[in-house]
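Q: Test case, fold it:
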Amino acid sequence: MKPINPETFFKLLLKNKINFFCGVPDSILKNFTNCINDEDKHIITANEGNAIATAAGYYLATKKMGLVYMQNSGLGNAINPLTSLVNEKTYSIPMILLIGWRGENGNDEPQHLMQGEILKNQLKLLKIKYIVLNYENQKNDLVDLLRFSLKNNCAVAIIVKKNTFKEVKKIKKQNSLKISRSFAIDCILKNIDKKDLIFSSTGKISRQILKSKFYKENCNNFFFNVGAMGHTASLAFGMSIETQKRVICIDGDGSFLMHLGSIPIIAKYKKKNFRYILLNNGAHESVGGQKTVALNINLEELSKNLGFSSQFSTEDPDYLIKNFKKIINNSNSFLEIKINLEDSDELPRPKNLKLLKQNFNRN
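A: Predicted coordinates for the structure are as follows:
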């Protein structure tokens, strides 16, 4: 399959009056989204449903169609506004969905396999016309799809397989923070109890933990939320309700923002055995390093207002080393650790999820 130059594809969209883009970053689409430089016309949203609504609002303001990009796993977040806001039985708003197809060939990580299998059927059920993008159909079929969307005032979709877009090298923008992800996780794992239950979020946080000596010696104490982005805190909270053990949630900023509404609900119950640790690098690091807004927020103050009993935030490695043991002993606590974008070796991935669940030391 001949790859498509993403810059050429981007210019083709602009030529067809598609100049507003929003969505949640995806590794399959990163070479395309890296071509979009106008921040006023490119909004990285907290979740895919937000992106659908944002594109709908843009259309109401301009009568111009927007493009919403997402990984196919995010289609679930988008279904509510797709079926109750923009479809033909409600406001009939045209837009184009650009969907990265993880699990397309059945050879992917476990959390992507079902999503890959059902993607086309999902779109058919939603009555969304689609094409699977390739080098040959990128012009004529794309133009026909756009015309169909405008004529029928409906959403349409472009499905993108892995390696459809040519690789575009982009320099990863580093922040000036001194703490790395590996340093933070090493500090956490060195200072927790071997009886603690640890829940970690999708992406490089869980993968970094897999590489650690502590995990290898205490593997049955870990539960990796490798899919369901944004739900790690709720998963850990559900566990904390019915166990006397200390439950530690290690989350990332993209996941934190995606379903932020769950956090004050969790904080309200003030579970003495619950701890929330946020590793904040201000980026969707696992899928290309695209920015989040998390480093622009005073999360220590926010967590206080959300209802956590104690709050801490640090970007100082010495402070973290000296104080982590004391911090983790505070009940119903929120700890933000600001970290940099770490260039890491190839990290292992959780594989046999059923076995991990079976061995999880819940008692």
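Q: So which residues of the stretch 201-350 of the chain form strands?
A: Applying DSSP state E, counting those that start in this stretch to the stretch 201-350 of the chain gives strands spanning 222-224, 247-252, 274-280, 283-284, 290-291, 310-314, 333-338.
Q: Pull up the pairing partners for the third one, direction included.
A: It refers to strand 274-280. Taking DSSP bridges as the criterion, strand 274-280 forms sheet pairs with strand 247-252 (parallel), strand 333-338 (parallel).
Q: rewinding a little: put together TSV for the strands of the stretch 201-350 of the chain, with mean pLDDT and distance to L189 on each row.
A: Just so you know, the C-beta spots here come from the backbone N, C-alpha and C atoms, and that holds for glycine as well. Formatted as TSV, the strands of the stretch 201-350 of the chain follow (pLDDT from 0 to 100; distance: least, Cβ to Cβ, whole Å):
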stretch	mean pLDDT	distance to L189
strand 222-224	97	10
strand 247-252	98	10
strand 274-280	98	11
strand 283-284	94	22
strand 290-291	93	28
strand 310-314	97	17
strand 333-338	98	13
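Q: one step back: nearest to K325 among the strands paired with strand 274-280 would be which one?
A: The closest of the strands paired with strand 274-280 to K325 is strand 333-338. By Cβ to Cβ, the value is 11.9 Å.
Q: And the closest one, how far out from the chain middle?
A: 19 Å (Cα atoms, centre = their mean, to the nearest Å).
Q: Likewise for stretch 5-18?
A: 25 Å.
Q: Please apply the same query to stretch 251-266.
A: 11 Å.
Q: Stretch 264-279 too?
A: Distance, centroid of stretch 264-279 to centroid of chain: 21 Å (Cα atoms, centre = their mean).
Q: Please enumerate residues in contact with it?
A: 181, 184-185, 188, 205, 233-234, 236-237, 240-241, 243-253, 256, 263, 299, 303, 306-309, 328, 330-337, 339 (Cβ atoms under 8 Å, 6 or more residues apart in numbering).
Q: If any of the residues you listed are buried, put those into a ChimeraX selection.
A: Remark: buried members of the contacts of stretch 264-279, expressed as a ChimeraX selection using 16 or more other Cβ atoms under 10 Å:
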select :181,184,185,188,205,233,234,236,237,240,245,246,247,248,249,250,251,252,253,256,263,299,303,306,307,308,309,328,330,332,333,334,335,336,337,339
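Q: Give me the subset of the contacts of stretch 264-279 that lies in helices.
A: Cross-referencing those against helices under DSSP state H gives 181, 184-185, 188, 205, 233-234, 236-237, 240-241, 253, 256, 263, 299, 303, 306, 328.
Q: Please report phi then psi for I99.
A: phi -120, psi 120 (degrees, to the nearest 10).
Q: Any idea how many residues pack against the closest residue to L306 other than its chain neighbours?
A: Of all residues not flanking L306 in the chain, P264 sits nearest, at 4.4 Å (Cβ to Cβ, 6 or more residues apart in numbering). Neighbour count of P264, defined by other Cβ atoms under 10 Å: 14.
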